[in-house]
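S.K.: Here is my input, please return the structure:
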Amino acid sequence: MEIYLVGGAVRDQLLGLQVKDKDHLVVGASAEQMIAQGYTQVGKSFPVFLHPHTKEEYALARTERKTGYGYGGFDFDAAPTVTLEQDLLRRDLTINAIAQDSSGNLHDPYNGQADIEARILRHISPAFAEDPLRVLRVARFAARLHHLGFTVAPATLSLMQQLTNSGELEHLSAERVWQETERALGEANPHIYFQLLQRCGALKVLFPEIDSLVGVTQPTQWHGGLDAFEHTMLALQLSSAEQATGSVRFAVLTHDLGKGLTPESEWPRHIGHERAGIKPLKALCQRLRLPNEWRDLALLVCEQHLNIHRALELKPATILKLFDKIDAWRKGDRFSLILQGCRLDVQGRPDKQRSNYPSEAYLLEAISCANAVSVQQVIAAGFKGPQIRDEMSVRRLAALTEFKQNYRV
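M.R.: Next comes the predicted model:
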């Protein structure tokens, strides 16, 4: 039995990045031998075991054979005779196919170290095109390693396009698509993930709502010549630069989906796009089974971002309705995230990236003034039942009116 450290742990170690998870490969052993040594088997589709003390994962070396569609359409052979080179050959990228033995020696049969030096994401073999999940994985690695100068090899991009054209992507489960996408949104450059998917055609298959923004023109005075997709990517890039939460990043990604529905004859104007975007956004969230918290935040940013942009122009009664709509009274933390998403929309333009966003400070101060209205005082004044809510609205409106009259930018 020989045990190797493999995959991301070796790659990140060579790149000088923090090693988060350690995966181990076991060559020359059977499942029975692993169990006899105290390992606990956890893998159902192929033999993976947990170390009896460290609880780190140890997988038996295996080969794979394509038998059907999708990520799960493979048969595997995990016999003790499978070699290290055979196991590494089934992996996706050369930089992920480097193993380290117990003495610290590196085993690199597919020149992963050379590609690390050259900053290239390169497939190992033509078998890359058998697994549709690899399209998403390569895009995610491109997003993760973009700051180090990594690019995708042209031949690998061609295989990604081949996979897209084959129809294999349609067999990926919603769970796997969202799992990779959520991780990509958390990377330092999540926009690279979506840009690369667009280049290989996968965006149109997996995220047609986002792909519909490509080439959609917008008013130059507001968007600096960027089309709707380019603007969205810049806003998404800014959201990661200020370490926004994943839910805010998704809201930024989807805030302008309605522009993809505007008839070309009406370009570059997109009247009512904030309302038009609700339907495709709901469809996207339902298809990928997003967490309710992410969905709700994205829907509110999509529907209300124009109102929030012009907050200083709104009447106090309209601001009150806005606060009611987004439940700013009870969900103050979410309200702050909504404002952040809207600010990133405005800043997602070539000449606005560091611009002030007066609406954010204005509305935060406005909600603070309105929240100063005391429900206890309303009850003490003799109001009961539904009257309490109505009187609270009257007093909040009065507070907002006074606030607007005295506010100075």
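
S.K.: next structured bit after the helix or strand hosting R11?
M.R.: Per DSSP states H and E, R11 falls inside helix 8-15. Heading C-terminal from helix 8-15, the first helix or strand you meet, by DSSP H and E, is strand 23-27.

S.K.: tell me what that next one is packed against?
M.R.: strand 2-6, strand 57-60, helix 84-89 (3 or more Cβ pairs under 8 Å, 6 or more residues apart in numbering; DSSP states H and E). C-beta: built from backbone N, CA, C; applies to glycine.

S.K.: Now mean pLDDT, mean neighbour count and distance to H223 too, for these, in CSV please.
M.R.: Listed next are the helices and strands packed on strand 23-27 as CSV, based on pLDDT from 0 to 100; neighbours: other Cβ atoms under 10 Å; distance: least, Cβ to Cβ, whole Å:
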stretch, mean pLDDT, mean neighbour count, distance to H223
strand 2-6, 97, 20, 46
strand 57-60, 94, 21, 47
helix 84-89, 96, 18, 47
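
S.K.: which outside residues touch the helix holding R11?
M.R.: Defining contact as Cβ atoms under 8 Å, 6 or more residues apart in numbering, one finds that helix 8-15 is touched by 18-23, 95-96, 98-100, 106, 112-113, 116, 145, 148.

S.K.: ok, now how distant is D324 from A370?
M.R.: 10 Å (Cβ to Cβ, to the nearest Å).

S.K.: And those two? Which one has more around it.
M.R.: Taking other Cβ atoms under 10 Å, D324 and A370 do not tie; A370 has more neighbours (23 against 12).

S.K.: so what's the more buried one closest to, chain neighbours aside?
M.R.: R396 (4.5 Å; Cβ to Cβ, 6 or more residues apart in numbering).

S.K.: and the host helix or strand of the one you found, which residues are buried?
M.R.: R396 belongs to helix 386-406 when assigned by DSSP H and E. Judged by neighbour count using 16 or more other Cβ atoms under 10 Å, the buried positions of helix 386-406 are 391-393, 395-397, 399-400, 403-404.

S.K.: what's the spacing between it and its chain's center?
M.R.: Here helix 386-406 is found 39 Å from its chain centre; the criterion is Cα atoms, centre = their mean, to the nearest Å.

S.K.: can you pull the contacts of the residue nearest the centre of the chain?
M.R.: Centroid-nearest residue in the chain, with Cα atoms, centre = their mean: L185, separated by 2.6 Å. Counting by Cβ under 8 Å, 6+ apart, L185 touches 193, 246, 249-250, 253.

S.K.: Kindly report the domain assignment for this protein.
M.R.: 1-118, 372-409 (automatic domain parsing).

S.K.: Turn these into JSON lines, columns for distance to G332.
M.R.: Output for the domains of the chain, formatted as JSON lines (distance: least, Cβ to Cβ, whole Å):
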{"stretch": "domain 1-118", "distance to G332": "33"}
{"stretch": "domain 372-409", "distance to G332": "13"}
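
S.K.: Out of these, which one sits most buried?
M.R.: domain 1-118 (a mean of 16; mean count of other Cβ atoms under 10 Å).
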